[in-house]
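> After the sequence you'll find the predicted model.
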Amino acid sequence: MRHTVIPAALSTIVLIAACDPGGVTEARDQLARGQADTVQYLLPLARDTFDVSDLALSRDTVIDGIVAVALAPETLRYPIADDLRFEGITLSLLSVTFPPEAFQVPAGTPLDTSVTYAVLADEPRLEGIDSLRIASGSLDLVTSNRLVEAIDYSVVLNGFRDAGGAPLTATGTIPAAPGDGSYVSHVIGFDLAGVTVAPPSASLTVDLALVVSGSPANEANATDAIRQTGTGEFTVDWLRGPLDPTVTPELTVTVEDDVEIPESSLDVLGDFRDLVAEMTLQSAGARISFANQAATPVEIVDFVIGVVTLTASGEVPIDPETGEPAYERDDRGDPIVVPVPGGGATVTVPRTGSTEVSVTMPALVDRVVKLLLAGERAAVVGSGTAIAGDGQPSTLERSDAMAVTIDLFVGLDATIPPEGVAYPPENERNDGLDLDPDDIADVIDNLLVRAFARAEVTNATPYELEVSIAYIEGDVGAADVFTLPGAVILDPVRIAAPSVSVEGRVQEPVVDSVEVAVAGADVEPLLRSVYTTTLKARMFGAPEAAGRAALGADDRAIVRSTVVLEVK
């Protein structure tokens with residue numbers, strides 16, 4: 001088993017690096033050409049960003065200094081299509097005109113006609129929908145007549161199919177008109193519950209039958225003798241197609257939900273309850289996860305989170321002037337609401353996927369904590385607009401929902417345990433130079449001028465950062481590279497903590513970079529077709545701070561690394 005350990009100085013190589021996207025392909029090509037000039041190639045090792053909010057929420061982090069506050073995550077639920085309603089549906093207008101000679105026949109002569117027309121041609125909002133099933137709704141078909149004869153008629157709604165798959169049909173009789181040009185009408189009502197509609201192919205066939213009476217009034221009223229239109233509304237169980245909210249405005253819905261934060265979810269060490277109640281929390285925020293159940297992407301627009309004091313019965317109070325929740329107000333009298341993600345940006349959540357954002361909201365978290373400490377019932381209200389669809393084939397069902405989990409955190413005076421706090425490592429698969437074994441030996445023995453690692457770490461956390469990297473030939477999936485035979489392991493390196501203010505907050509990030517030589521044998525995994533790298537990071541409290549520092553919601557460390565090969 002080969003288990004190579006590179007000296008400590010070399011470990012810094014693995015830290016930050018800009019990777020040449022075309023480096024691997026270009027290296028393969030030039031090596032194949034046998035180029036004699038010395039050329040530099042960049043091969044990626046590892047790149048990652050460690051957000052301190054992950055550390056703040058770690059169960060290994062003990063918050064036991066000036067402030068000791070923790071809040072359990074709470075989840076809001078927003079139905080996306082629970083009440084997806086199409087109102088004011090208007091069917092296309094059908095007008096039937098008879099030629100005058102149609103009535104220049106003996107009385108008692110039958111006169112029949114049949115017309116088929118695109119019944120939804122005047123409903124562009126349905127154009128982006130291939131099919132839909134109606135949960136509940138109705139359609140009223142109005143047929144009008146100004147001839148002096150009664151008219152028997154039957155209709156077939158093609159593209160409107162009942163639960164058995166048959167098109168909707170109906171019959172009726174329109175009474176005779178008085179002959180003065182006015183119309184009389186007959187209405188057929190359809191119950192659309194459970195009906196499946198295919199808007200692109202929807203049409204209506206109407207068969208009309210009358211017996212000519214011989215009245216001269218018919219010739220005067222033959223133009224537009226019969227008219228047919230209809231209106232309806234419905235809610236949907238599901239709809240499918242290239243859903244596009246710019247075509248179908250009903251795909252844009254207002255969402256609002258609230259969730260009470262029980263006092264039991266607040267974890268404040270008993271000795272500090274009175275102190276916390278008197279303090280203003282200056283560094284606090286939330287990690288907000290949007291989980292989309294729908295098989296269509298959803299954009300969340302103008303989403304805000306606010307805090308309210310619930311009524312004695314547990315209801316969200318409503319401001320009588322605005323009709324909106326009566327949000328808690330700050331010292332200036334402004335509602336305590338926070339836009340998510342802020343800066344006018346929107347949140348796009350992929351189909352059946354999730355998106356996570358972190359938002360700084362000290363005033364909101366401070367008020368929640370203070371309300372709970374005072375024995376009040378507090379709730380978080382989230383509201384905004386959900387826009388479903390992007391013009392690509394999608395499915396939206398009535399049961400689809402967006403779950404928004406809000407994990408509030410307070411980042412003040414956290415104590416890191418002596419062994420540090422580790423971030424979960426993640427493996428990264430990289431393409432190597434894909435050389436033949438003989439060529440690998442030739443590169444290492446004859447062509448390789450030198451190999452070194454270029455690395456950089458930006459540490460913007462109030463903690464020391466320890467980083468270790470290992471790499472190995474092949475794609476090893478999620479296996480721990482550090483424990484595998486044949487792995488090249490770089491000794492851990494520590495990056496100093498930045499200088500901090502009197503409050504313990506980072507003043508200026510530490511940036512450290514270095515170039516270190518790499519032995520020829522240790523570049524071999526990089527010369528093969530695929531190699532896997534993994535990066536482990538652990539944070540330790542600065543010695544002078546005895547493991548304590550003030551966490552900021554935006555504190556983070558960035559780690560990048562590259563191996564540089566010079567080949568002739």
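Structure received. Residues are numbered from 1 along each chain as shown.

> Next up, identify which helix or strand V115 is on.
strand 110-117 (DSSP states H and E).

> List the buried residues for that strand?
111, 113 (16 or more other C-beta atoms under 10 Å). Where you see a C-beta, it was placed from the backbone N, CA and C, and this is true even at glycine.

> what's the distance between it and the middle of its chain?
52 Å (C-alpha atoms, centre = their mean, to the nearest Å).

> Given that strand, what are its sheet partners and their directions?
strand 203-211 (antiparallel) (DSSP bridges).

> For the strand it pairs with, the averaged confidence score.
Strand 203-211 shows a mean pLDDT of 97.

> Now it: buried residues?
Neighbour count says strand 203-211 has 203-206, 208-210 buried, by 16+ other C-beta under 10 Å.

> and for that strand, what are the contacting residues?
91, 94, 96, 108-119, 141, 143, 147, 149-159, 226, 228 (C-beta atoms under 8 Å, 6 or more residues apart in numbering).

> switch to 6 Å and redo it
110-116, 118-119, 149, 151-158 (C-beta atoms under 6 Å, 6 or more residues apart in numbering).

> where are the low-confidence patches of the stretch 301-450 of the chain?
The stretch 301-450 of the chain contains residues with pLDDT under 70 at 410-417.

> repeat that with 50
413 (pLDDT under 50).

> Then the chain?
1-22, 35-36, 56-68, 269-272, 275, 413.

> residue at max distance from the center of it?
Most distant from the centre of the chain: P106, at 70.8 Å, with distances by C-alpha atoms, centre = their mean.

> can you map out the helices along the stretch 101-250 of the chain?
217-220 (DSSP state H, counting those that start in this stretch).

> right, and V187 touches L139 too?
No: using C-beta atoms under 6 Å, V187 makes no contact with L139, being 10.6 Å away.

> Tell me which of those two has more neighbours.
L139 (23 against 12; other C-beta atoms under 10 Å).

> And the more buried one, how far from I151?
21 Å (C-beta to C-beta, to the nearest Å).

> residues in contact with stretch 559-568?
Stretch 559-568 has contacts (C-beta under 6 Å, 6+ apart) with 14-17, 19, 38-48, 447-457, 467.

> scratch that, stretch 521-541 is what I was asking about
By C-beta under 6 Å, 6+ apart, stretch 521-541 touches 4, 43, 45-46, 48, 50, 416, 420-423, 425, 427-430, 432-435, 440, 451, 463-476, 481, 488, 547.

> same thing with stretch 96-105?
212, 218-219, 222-226.

> Do me a favour and get the end-to-end distance for it?
For stretch 96-105, the first-to-last residue distance is 19 Å (C-alpha to C-alpha, to the nearest Å).

> got the domain boundaries for the protein?
4-58+417-567, 69-82+250-414, 89-242 (automatic domain parsing).

> Run me through the strand neighbours of the longest strand along the chain, direction for each.
Counting by DSSP state E, the longest strand found in the chain is strand 226-242. Counting by DSSP bridges, the strands paired with strand 226-242 are strand 85-90 (antiparallel), strand 94-96 (antiparallel), strand 131-145 (antiparallel), strand 393-397 (antiparallel).

> What is the burial count for P509?
For P509, using other C-beta under 10 Å, the count is 16.

> quick one on the thing from earlier: distance check, the residue farthest from the centre of the chain against P509.
Per C-beta to C-beta, P106 is found 100 Å from P509.

> same deal with F290?
Counting by C-beta to C-beta, the gap from F290 to P509 is 30 Å.

> okay, now V308: neighbour count?
25.

> On the strand side of things, show who it bridges to.
A379.

> just to revisit the earlier point, can you list the strands paired with strand 226-242 in JSON lines and add distance to D191?
As requested, the strands paired with strand 226-242 are exported to JSON lines (distance: least, C-beta to C-beta, whole Å):
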{"stretch": "strand 85-90", "distance to D191": "14"}
{"stretch": "strand 94-96", "distance to D191": "22"}
{"stretch": "strand 131-145", "distance to D191": "6"}
{"stretch": "strand 393-397", "distance to D191": "22"}
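
> Ok, which of these comes nearest V357?
With C-beta to C-beta, the closest approach to V357 among the strands paired with strand 226-242 belongs to strand 393-397: 23.2 Å.

> Report the buried residues of that closest one.
394-397.

> Stretch 372-392 now?
Buried, per 16+ other C-beta under 10 Å, within stretch 372-392: 372-373, 377-384, 386-390.

> and which of those residues is nearest to W238?
Looking across those and measuring by C-beta to C-beta, the closest to W238 is A388, at 12.1 Å.

> Look up the closest residue to that closest one, ignoring the ones flanking it.
Sequence neighbours aside, L251 is the residue nearest to A388 in space, at 4.6 Å (criterion: C-beta to C-beta, 6 or more residues apart in numbering).

> same thing with E428?
Nearest one to E428, counting by C-beta to C-beta, 6+ apart, is T533 at 5.1 Å.

> And stretch 198-212, end to end?
Termini of stretch 198-212 sit 38 Å apart (C-alpha to C-alpha).

> how far out from the middle of the chain is that stretch?
With C-alpha atoms, centre = their mean, you get 44 Å for stretch 198-212.

> And the helix or strand containing L565, what's buried?
L565 is part of strand 556-567 when elements are defined by DSSP H and E. Residues of strand 556-567 classed as buried: 556-565, 567 (neighbour count, 16+ other C-beta under 10 Å).

> how far does that strand sit from the chain's center?
For strand 556-567, the distance to the chain centre is 32 Å (C-alpha atoms, centre = their mean).

> Can you tell me the strand partners of it and which way each runs?
As assigned by DSSP bridges, strand 556-567 forms pairs with strand 39-51 (antiparallel), strand 448-459 (antiparallel).

> Dump the C-alpha coordinates for that strand into PDB.
What follows is strand 556-567, C-alpha atoms only, in PDB (Å, rounded to 0.1, in the frame of the first residue of the first chain):
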ATOM      1  CA  ARG A 556     -16.300  32.800   5.400                       C
ATOM      2  CA  ALA A 557     -13.100  31.200   4.200                       C
ATOM      3  CA  ILE A 558     -12.200  30.500   0.600                       C
ATOM      4  CA  VAL A 559      -9.800  27.800  -0.400                       C
ATOM      5  CA  ARG A 560      -8.500  27.100  -3.900                       C
ATOM      6  CA  SER A 561      -5.500  25.200  -5.200                       C
ATOM      7  CA  THR A 562      -3.700  24.200  -8.400                       C
ATOM      8  CA  VAL A 563      -0.700  22.000  -9.400                       C
ATOM      9  CA  VAL A 564       1.500  23.500 -12.000                       C
ATOM     10  CA  LEU A 565       3.500  21.200 -14.400                       C
ATOM     11  CA  GLU A 566       6.400  22.600 -16.500                       C
ATOM     12  CA  VAL A 567       6.900  20.100 -19.400                       C
END
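
> Next one: the residue nearest to E428 from A519, what distance?
Separation of T533 from A519 (C-beta to C-beta): 17 Å.

> Between the two, which has more neighbouring residues?
Neighbours per residue, other C-beta under 10 Å: of T533 and A519, the larger number sits with T533, 25 against 13.

> Phi first, then psi, for the more buried one.
As for T533, its main-chain torsions (degrees, to the nearest 10) stand at phi -120, psi 150.

> for it, which residues make a bridge with it?
E428, Y471.

> For V567, see how far away it is.
Distance, T533 to V567, by C-beta to C-beta: 21 Å.

> what about the residue nearest to A150 when sequence neighbours are not counted, how many neighbours?
Leaving aside its chain neighbours, A150 sits nearest to A176 (4.7 Å; criterion: C-beta to C-beta, 6+ apart). Residues lying near A176 (other C-beta under 10 Å) number 17.

> what's the answer for I406, then?
By other C-beta under 10 Å, neighbour count at I406 equals 21.
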